[in-house]
Structures are given as structure tokens and as C-alpha cells.
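**Q** give me a 3D structure for the following:
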Amino acid sequence: MAKHIFVTGGVASSLGKGLTASSLGRLLKDRGLRVEMQKLDPYINVDPGTMNPFEHGEVFVTDDGSETDLDLGHYERFVDVNLTRPSSVTTGSIYSSVIARERRGDYLGKTVQVIPHVTDEIKSRILALADDDVDVVITEVGGTVGDIEILPFLEAIRQFRKDVGRDNVCYIHLTLVPYLGPSGEQKTKPTQHSITELRSRGIQPDIIVCRSDKALSDGLKSKISMLCDVPQEAVISAVDAKNLFELPLVLHQQGLDEQVLHLLRFSLEDHPLEMSNWESVVYKSNNVSGRVKIGVIGKYINLPDAYLSVVESLRHAGIECGVSVDVEWVQAEDVTPMMAPALLSKLDGIVLPGGFGERGIEGKIATATWTRENEIPTLGLCLGLQTMVIDFARNVANLDGADSGEFRPDAPHLVIDLMEHQKKITDMGGTMRLGTYVAVLKPGTAVANAYGDLVVSERHRHRFEVNSKYRQRLEDAGLVCSGLSPDGSLVEFIELPDHPFWVGTQAHPEFKSRPDRPHPLFLAFMRAAISRGKNGQDVVGLP
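**A** Numbering: from 1, shown residues only. Here you go, the predicted model:
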């Protein structure tokens with residue numbers, strides 16, 4: 001029978017529940033346990049797919065095409081698991097299911113209420129992950145204790161311990177212990193109030209993880225232990241780490257994984273810790289020997305979380321190559337043919353990330369033009385590929401006015417457009433390509449060399465494609481369509497053969513990169529950027 005860990009948070013949002021849950025998942029996996037991860041989100045949207053990136057940050061896509069919260073990206077990167085739709089649960093999806101069942105008559109005419117119908121639906125979503133191939137399910141409850149939106153989730157996880165047995169459930173609560181400069185003290189009062197609020201909902205935490213900028217003294221741990229009714233060894237000091245990869249090590253040193261094993265009746269002797277792979281990542285990340293500047297030409301740069309997986313993938317590749325990555329954020333709307341040299345010339349490599357909508361598109365196209373002409377290593381992701389194709393069509397293939405049907409449906413040359421079968425679909429969601437798709441690569445290309453394989457699969461989240469009507473003309477002008485769908489109908493990768501690295505993919509490879517296994521495309525791009533720096537540009541030795 002699978003065991004369950006519930007991670008809640010108090011005092012303030014953005015304390016790092018997702019990273020704490022991910023780090024614990026990594027620790028348990030490195031003890032030989034089979035771990036599943038899950039996020040319960042309190043927002044009423046069915047999923048974050050329709051949210052503005054400024055509102056919610058990145059939309060993370062799983063193999064099965066689920067549009068999910070960015071915390072699932074943390075889970076996948078830390079625990080190295082491929083999650084699926086059941087790992088992302090929202091209030092919207094819960095209520096949609098309950099209302100649909102009521103309409104079908106599944107409740108036999110009963111009055112439908114939060115308890116038991118909504119809480120039962122929540123519990124069924126948690127149990128859906130607890131199959132015979134899983135030892136531990138870690139479920140993070142989004143939001144902050146005290147928020148009205150998360151009350152049904154708290155009630156559901158309170159009932160859960162009674163349903164599955166006390167020894168099969170562990171409650172972990174994350175709080176803030178602030179340091180007040182005027183008094184020179186760390187204050188535990190916010191933690192006490194947060195625990196009181198959680199107890200008022202019927203949940204007594206088993207472990208309290210205290211976020212702070214300085215380590216908690218034994219005296220403070222003793223005080224929290226006494227006032228919050230947990231053993232002192234179950235008060236975990238989670239100090240700000242130098243980099244996020246150190247967090248599993250910090251939590252292990254504080255004994256978090258041992259406390260969890262003890263509470264869930266796992267034998268420490270049967271589950272020794274083997275963290276050599278992760279320790280290698282931490283060592284490499286703390287012992288880089290150079291610095292490289294990578295520009296991200298984005299539409300949502302005022303909220304960097306909109307490009308979280310892209311930045312993490314760059315970091316993974318940088319660690320593998322022994323360099324620290326300085327991300328330079330460039331607003332796409334600021335890039336013009338005249339301004340491009342000033343904004344881009346000092347960069348060692350440039351990423352054109354994904355996105356939707358017309359704003360900033362001409363800036364991305366201008367960037368693609370400038371990097372193509374000046375041999376700057378460039379990686380285009382999804383919309384990035386599309387803007388690279390538009391640049392090439394306009395400026396090399398002599399297709400004046402080339403554009404995308406997303407931005408200019410009346411353009412004379414729609415080199416990016418919906419496919420014919422998509423145009424017949426009235427539901428916009430039905431036109432999206434979501435989830436994993438296979439691509440066949442052309443031998444000898446930069447993409448094939450990067451992957452070391454000719455058949456690959458990547459995750460997608462887009463609606464518009466390279467228009468197959470223009471493929472031959474683009475190829476005749478020198479563009480290499482280096483990866484196609486298995487039936488040859490869709491372009492998945494493009495590149496230029498006589499360029500240090502000018503590669504675009506219709507996919508989102510950033511979703512599959514791991515700290516100890518960088519994605520091949522990002523790794524090849526990083527090596528090209530480093531090579532540019534070594535030839536007299538901006539990679540420099542660290543002090």
C-alpha cells in the first residue's frame with residue numbers, strides 16, 4: 001500500500017513548497033523508493049493553459065499533453081519522473097467533475113455538498129496515483145493556510161489519514177521564520193499562528209519545515225517544538241541555499257528524509273541513501289570555471305517564471321559544460337533592425353522562446369535576422385522556430401510579406417499557418433498539438449548530431465505549423481528541415497548548414513531537461529555559445 005505525504009504552507013506564499021516537496025521526493029527516490037508527485041491547486045481555472053503568463057508564469061506540459069502548474073516542472077527535474085494528468089488537480093477540475101456527475105444523476109438526487117461530494121472527489125484524485133508501482137505519493141497543497149480557497153483540500157487531506165490509516169500519512173507544514181533587524185532576532189510567532197490555523201482545520205503537522213535566511217538555533221527549535229507539539233528533531237531548518245540544487249542536501253543534513261521514513265514506518269536499514277548523481281550536480285554547479293552570456297528574447301520578461309524551464313535547461317547545460325550562465329533578458333518589442341547590434345552583439349548565444357500573440361513578434365523576427373547574418377548561436381523554441389522561418393522566408397527565399405496566420409491572416413505568403421484539417425475545427429483547444437510527438441531526423445544534421453539518434457520524441461504546445469506548401473521553396477533557398485513528423489507532413493526541426501548553430505524546434509525540449517541529464521539541444525547550443533566566447537567574445541574566466 002502506498003504511503004502519502006502532504007505538504008502545506010503558511011505565513012506567506014512563495015516560500016518554496018514546490019522545491020521542498022521536490023527535494024524530499026529526490027531524497028526518497030535516492031533511498032530506493034518509488035515516488036509519485038502531485039499538486040492540488042486552489043484556483044478555479046480547470047488548468048493554467050488559458051492563463052496569461054504574467055498571471056501564472058510558465059505552463060508546464062506533461063507527456064500526455066496536460067497543461068499544468070510550473071511546480072510540476074520542479075517535480076520532474078528533481079525526482080526525474082514523467083508525470084501525467086492525475087498529478088495536476090485544480091478546484092476547477094474538481095467542481096467540473098462533481099457538477100458533471102450531478103447532471104448525470106450519479107448522486108441519485110441527493111443534495112450535492114462540499115462534504116462529502118467535493119472532498120470525496122479530491123480524495124479519489126489522490127488515490128488515483130497510489131497504484132502498486134508506487135511506494136510514496138507526495139501531494140503539495142497550493143496556496144497558504146488561512147486562504148478560503150484551500151479549505152476543501154485541507155478537509156480532504158484531514159479525512160485522508162482516517163481513511164488509509166495513521167501510519168500511512170505524514171503531514172509536513174512549511175512556514176517562515178523571519179529575522180527582524182531592529183531586534184536582532186528570529187521570530188517564531190508567525191510559525192505558531194500558522195500551526196494554530198492548521199490545527200483549527202483538524203490537522204496536526206508531523207514535521208515543520210522552517211524557511212529562514214539563517215539557521216535556527218537549538219533554542220528556537222525547542223520553542224517551536226513545545227508550542228507546536230512536534231518533536232524537536234521534526235523541526236527542520238531550511239536555510240536559504242546558495243543554489244537550489246543544494247536544497248536536497250540541506251534538508252537531508254537536517255534529517256527530513258529520516259523523519260519521514262520513521263513516521264511512515266520505513267526501515268532506514270532497508271533504504272540507505274545513494275545520492276552520488278545529485279552530489280555530482282551540486283559539485284559541478286559550485287565549481288564552474290567560466291561565464292557565458294545567453295540572451296532570452298521574450299515577451300514576458302517582467303515575470304521570469306514565464307520562462308522557468310528554459311532558464312533551468314540553460315543552467316543544466318551550463319553545469320555540464322563547466323560554465324555559469326548569465327541570462328540577459330531582452331524585451332522582444334525593443335529589438336529592431338537598428339537596435340539589434342546594441343542589444344545583442346555582446347551575447348554569446350540567443351534563445352527565442354515560445355509564446356502566443358502578435359506583440360513583440362517583429363522584434364523576434366529582427367533577432368532571427370541579426371543572429372543569422374552575424375553567425376550568433378541561436379536556439380528557437382516553438383514560436384521561436386516560427387519567427388526564424390518567417391525571417392528566412394522574407395529575407396532569403398524572397399517571399400516578400402511572409403508571415404504567420406496567427407498574426408496576419410491576409411499576408412501574401414503564410415509560411416506559418418494552421419493545417420487544413422485544423423481549419424475545420426471550431427474548438428480552438430482542439431487545434432492545439434499538446435504532449436509528446438515523435439520526429440524523424442535527417443542524418444548528418446546538427447540536430448541529429450546533438451541527439452545522437454534519428455528518432456526522437458518531444459513535448460509540444462502550439463497551434464500553428466510550418467506551411468507544407470512552402471517547404472520546398474524554403475529548402476531550395478538553403479533552409480534545412482532537419483526533422484519531420486513520421487508521415488513527413490509536419491516540420492519539427494529547422495537549421496542552417498553553414499552557421500555555428502541556428503536551430504529551431506517546433507517542440508518545447510526545455511520540459512525534458514534534467515540537472516543530471518541536460519537536454520541534447522540545449523547542450524549543443526551551449527557548446528556553440530561557449531565556442532563563440534572563446535573566439536574573442538564574452539566567455540570569461542571566473543574570479
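**Q** contacts, neighbours, all on C-alpha from now
**A** Will do.
**Q** now the helices for the stretch 251-400 of the chain?
**A** Secondary structure of the stretch 251-400 of the chain (DSSP state H, counting those that start in this stretch): helices located at 256-263, 276-285, 308-321, 340-344, 361-373, 383-395.
**Q** Ser87: which of the ones you listed is closest?
**A** Taking Cα to Cα as the measure, the helices of the stretch 251-400 of the chain were each checked against Ser87, and helix 308-321 came out nearest at 18.0 Å.
**Q** quick one: residues in contact with that closest one.
**A** 57-58, 70, 73, 281, 284-285, 288, 324-325, 327, 353, 510-511, 513-519, 522-523, 526-527 (Cα atoms under 8 Å, 6 or more residues apart in numbering).
**Q** export the helices of the stretch 251-400 of the chain to CSV and tack on mean neighbour count?
**A** Output for the helices of the stretch 251-400 of the chain, formatted as CSV (neighbours: other Cα atoms under 10 Å):
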stretch, mean neighbour count
helix 256-263, 20
helix 276-285, 17
helix 308-321, 23
helix 340-344, 16
helix 361-373, 23
helix 383-395, 25
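**Q** I'd like the ones you listed laid out as JSON lines, including distance to Glu121.
**A** As requested, the helices of the stretch 251-400 of the chain are arranged in JSON lines below (distance: least, Cα to Cα, whole Å):
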{"stretch": "helix 256-263", "distance to Glu121": "27"}
{"stretch": "helix 276-285", "distance to Glu121": "37"}
{"stretch": "helix 308-321", "distance to Glu121": "31"}
{"stretch": "helix 340-344", "distance to Glu121": "51"}
{"stretch": "helix 361-373", "distance to Glu121": "43"}
{"stretch": "helix 383-395", "distance to Glu121": "37"}
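**Q** return the subset of the contacts of helix 308-321 lying in strands.
**A** When these are checked against strands using DSSP state E, the ones located there are 324-325, 327.
**Q** which one of the residues you listed has the most neighbours?
**A** Across these, the neighbour count under other Cα atoms under 10 Å reaches its highest value at Ser324, namely 25 neighbours.
**Q** need the pLDDT of Lys424.
**A** At Lys424 the predicted local distance difference test score is 50.
**Q** do the same with Val177
**A** Looking at Val177, its pLDDT reads 92.
**Q** hmm, Pro190 and it touching each other?
**A** Yes: the pair Val177 and Pro190 passes the contact test of Cα atoms under 8 Å, sitting 6.9 Å apart.
**Q** between the two, which one's more packed in?
**A** Neighbour comparison, Val177 and Pro190: the larger count goes to Val177, with 25 against 16 (by other Cα under 10 Å).
**Q** tell me how far the more buried one lies from His193.
**A** When Cα to Cα, to the nearest Å is applied, the distance between Val177 and His193 equals 12 Å.
**Q** just Pro377 next, same as before
**A** With distances defined as Cα to Cα, the gap from Pro377 to His193 amounts to 52 Å.
**Q** list the buried residues of stretch 123-134.
**A** Burial within stretch 123-134, assessed by neighbour count using 16 or more other Cα atoms under 10 Å, is assigned to 123, 125-127, 129-130.
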